[in-house]
Structures are given as C-alpha cells and as structure tokens.
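Novice: this one's structure only:
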C-alpha cells in the first residue's frame with residue numbers, strides 16, 4: 001500500500017531506556033506516542049510498571065497510559081481495536097507516530113494484527129482457572145502439550161495467562177489453538193519502522209537492578225500494600241506486585257522479595273529479547289555506543 005504515514009516502533013527489553021528515547025524522537029517530529037506496554041494501561045500501577053512520570057507525560061502526549069483500572073476486563077484484541085482507531089485519528093494530520101513498549105504481542109497487534117477468537121463460556125473459564133489454582137502451571141503445560149503439541153513448542157510455557165487463554169479456546173471449540181491462528185497479517189494504512197534497542201546483558205542487568213532500587217525508593221512496597229486485597233486479579237500477576245504479595249503473606253522475607261523482583265525482571269527481559277529477535281527487518285541500535293539517537297540517524 002502506498003502511504004506516507006509512518007509508525008516508528010521503539011522496541012527493546014525492560015529498563016533499556018525506551019521511554020526517554022521515544023519522547024526525544026516524538027519531540028523532534030512534533031508528534032504523539034502510542035504505548036503498547038500492557039501493564040502501563042492500569043492507573044493503579046504508578047510505580048511498579050515504570051510508566052512515564054508526570055513531567056514526561058506533559059512533554060509529549062501519550063495514549064494508553066493510565067487509561068484502564070486493574071478491575072477492568074481488557075485484552076490484546078480490545079487494545080488492537082482501540083489503538084488502531086486512535087492511530088487512524090492521529091494520522092489525519094500527522095505523518096509520523098511513535099509506538100513504544102515492551103509487550104511484543106500488543107505491538108504485533110498494531111503492526112500486523114491478531115486473530116479474532118470465539119467467545120469462551122464462563123463455565124469453561126472457571127473450571128480451568130480452578131484446576132490451575134489447585135494443580136499449578138504444570139497442569140496447563142501438560143494439557144497444552146496433549147491438545148496442541150505445535151503450540152506447546154512455541155509458547156512461553158511459564159506464561160500462565162497465555163496458556164489459560166489457549167486452553168479456554170480449545171476446550172470451548174474442540175479445535176487446536178494452532179488451527180485458530182491464521183498467520184496472515186492485516187492490511188494497515190501506514191508503514192512501520194522498527195527500532196530495536198540493544199545492549200550487553202551485563203549493562204541491561206545493571207539497569208534493571210538500578211530501576212528496582214529506584215522503584216523501592218519511590219514507594220513500591222506501599223503501592224502494592226494498598227492493592228493487596230485485589231491479589232487474585234490477573235492484573236496483579238505482575239512483576240513487582242506478586243513478589244510483595246508473597247512478602248505480605250509471610251511466605252518470603254523482604255530481602256527475598258526484592259531479589260525475586262530483580263530476578264523475575266531479568267527473566268522477563270530475556271523473554272522480550274527472544275521475542276524481538278523475530279523482527280529481522282528492524283534497525284538495531286546499541287544504546288551503549290549510541291546514547292543520543294536522532295531522527296537523522298534512522299533509516300525512515
């Protein structure tokens with residue numbers, strides 16, 4: 001499709017510096033930012049998801065930051081519909097927009113589109129969630145392997161939300177989850193350029209550890225404490241929150257909770273890096289050697 005509209009996706013693992021870089025580029029282009037961070041949607045998560053601070057939000061208009069509550073039902077399909085509508089509106093008088101965030105599936109929903117799936121009955125959903133609560137993630141992994149070996153070989157087997165979703169659909173339809181995925185990209189009225197931020201593993205881990213310490217100084221423990229009564233919500237299964245919930249329930253010590261937050265964040269970063277490797281046409285930029293990224297240096 002011939003179009004002059006360009007979406008610039010700033011990809012990269014958590015803590016690598018996507019927020020600052022995206023704001024600088026948006027200011028250069030005099031444009032706005034679409035967030036695809038699936039945890040920064042929630043207005044209750046002011047600290048633990050490291051959203052842009054108030055000053056940054058004033059510098060550049062952001063969309064899909066603090067637009068939902070942890071109590072709202074929201075998923076990637078709903079996000080795709082909302083975000084594409086907003087992007088279409090913004091492109092009426094802009095040639096460039098910035099997409100930023102480390103949630104690869106949500107970014108893909110914007111760039112390529114995702115398949116629409118049938119509705120799942122509450123009975124099926126409830127039965128599977130009860131089984132997960134009683135038997136743990138191993139139950140989900142075994143069921144996925146039994147019902148859809150192809151998907152089992154591709155999915156993140158430690159992501160219980162994704163495993164539950166696939167099982168809900170398979171139990172409801174009697175079909176494999178793989179057969180419900182078309183693998184076809186949707187047509188978009190814009191072109192996309194992917195900027196993939198990289199750095200050494202040692203540098204990234206140091207940034208992650210520093211960020212966790214900064215979140216603790218800002219009051220992460222208190223933020224989670226105020227949300228502890230909602231611990232059973234799926235949205236609360238978020239790094240930085242689930243570990244402190246275990247601490248409040250005397251399952252682990254404070255020091256162990258902090259170390260688990262750092263370790264789980266590092267593990268999440270590794271999964272993100274694996275996801276972003278599939279963007280073979282992306283422009284890779286090492287932030288250790290290119291700290292001042294300008295539009296003129298990008299191949300747009």
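Specialist: Structure received. As the structure is a computational prediction, the values presented were derived from the model and not from experiment.
Novice: Who are the packing partners of the longest helix belonging to the chain?
Specialist: Identified as the longest helix of the chain according to DSSP state H is helix 254-276. Counting by 3 or more Cβ pairs under 8 Å, 6 or more residues apart in numbering; DSSP states H and E, the packing neighbours recorded for helix 254-276 are helix 104-111, helix 201-218, helix 242-248. Placement of C-beta: from N, CA and C, glycine included.
Novice: Just want the most central residue of this structure.
Specialist: For the chain, the residue sitting closest to the mean C-alpha position, by Cα atoms, centre = their mean, is residue 103 at 2.3 Å.
Novice: Please report how far the nearest residue to that one once chain neighbours are set aside lies from residue 45.
Specialist: Nearest residue to residue 103 in three dimensions, chain neighbours excluded: residue 38, at 4.1 Å (Cβ to Cβ, 6 or more residues apart in numbering). If you measure residue 38 against residue 45 using Cβ to Cβ, to the nearest Å, the figure is 11 Å.
Novice: In terms of helices and strands, where is the residue nearest to residue 103?
Specialist: Under the assignment given by DSSP states H and E, residue 38 is not contained in any helix or strand.
Novice: pLDDT score assigned to it?
Specialist: On pLDDT, residue 38 comes in at 96.
Novice: Contact partners for residue 231?
Specialist: If a contact means Cβ atoms under 8 Å, 6 or more residues apart in numbering, then residue 231 has residue 245 as its contacts.
Novice: Show the average pLDDT along stretch 139-156.
Specialist: Summarised as a single mean, pLDDT over stretch 139-156 is 93.
Novice: List of residues touching that stretch?
Specialist: The contact list for stretch 139-156 (Cβ under 8 Å, 6+ apart) reads 131-132, 157, 160, 162-164, 166-167, 170, 176-178, 271.
Novice: Where do the strands of the chain begin and end?
Specialist: In order along the chain, the chain carries the following strands (DSSP state E): 6-11, 33-35, 62-63, 96-100, 191-198, 283-286.
Novice: Residue 197 and residue 266, how far apart?
Specialist: Per Cβ to Cβ, residue 197 is found 16 Å from residue 266.
Novice: higher neighbour count, the two?
Specialist: residue 197 (23 against 19; other Cβ atoms under 10 Å).
Novice: nearest residue to the more buried one other than its sequence neighbours?
Specialist: Spatially, and ignoring its direct neighbours in sequence, residue 197 is nearest to residue 12 (3.2 Å; Cβ to Cβ, 6+ apart).
Novice: so what's the one you found scoring on pLDDT?
Specialist: Looking at residue 12, its pLDDT stands at 97.
Novice: How about the one 3 residues further on?
Specialist: Predicted confidence (pLDDT) at residue 15: the value is 97.
Novice: That one: neighbour count?
Specialist: So residue 15, with other Cβ under 10 Å, has 24 neighbours.
Novice: can you pull the contacts of it?
Specialist: 50, 204, 207, 208, 210, 211, 265, 269.
Novice: State the pair within these that is farthest apart.
Specialist: 50 and 204 (14.2 Å; Cβ to Cβ).
Novice: and the protein, what are its domains?
Specialist: As given by automatic domain parsing, the domain ranges for the chain are 6-114+184-297, 122-180.
Novice: Worst mean pLDDT among those domains?
Specialist: Mean pLDDT, when computed for each of the domains of the chain, is lowest for domain 122-180, at a mean of 91.
Novice: measure it end to end?
Specialist: Taking Cα to Cα, to the nearest Å, the span from the opening residue of domain 122-180 to its closing residue is 20 Å.
Novice: Correct me if wrong: residue 82 contacts residue 75.
Specialist: No - using Cβ atoms under 8 Å, residue 82 is not in contact with residue 75, being 10.9 Å away.
Novice: I'd like to know how far the closest residue to residue 94 other than its chain neighbours sits from residue 273.
Specialist: Nearest in space to residue 94, with sequence neighbours left out and distances taken as Cβ to Cβ, 6+ apart, is residue 31 at 5.3 Å. Noted for residue 31: a distance of 27 Å to residue 273, by Cβ to Cβ.
Novice: Looking at those two, which one has more neighbours?
Specialist: Between residue 31 and residue 273, counting by other Cβ under 10 Å, residue 31 is the more crowded of the two (19 against 16).
Novice: tell me the contacts of that one?
Specialist: So, once contact is read as Cβ under 8 Å, 6+ apart, residue 31 ends up touching 90, 94, 96, 97, 98.
Novice: 10 Å - rerun?
Specialist: The contact partners of residue 31, by Cβ atoms under 10 Å, 6 or more residues apart in numbering, come to 6, 8, 25, 60, 61, 90, 91, 94, 95, 96, 97, 98.
Novice: which residue sits closest to the fifth one, ignoring its sequence neighbours?
Specialist: Nearest non-adjacent residue to residue 61, counting by Cβ to Cβ, 6+ apart: residue 32, 4.4 Å away.
Novice: That concludes my questions; thank you for your assistance.
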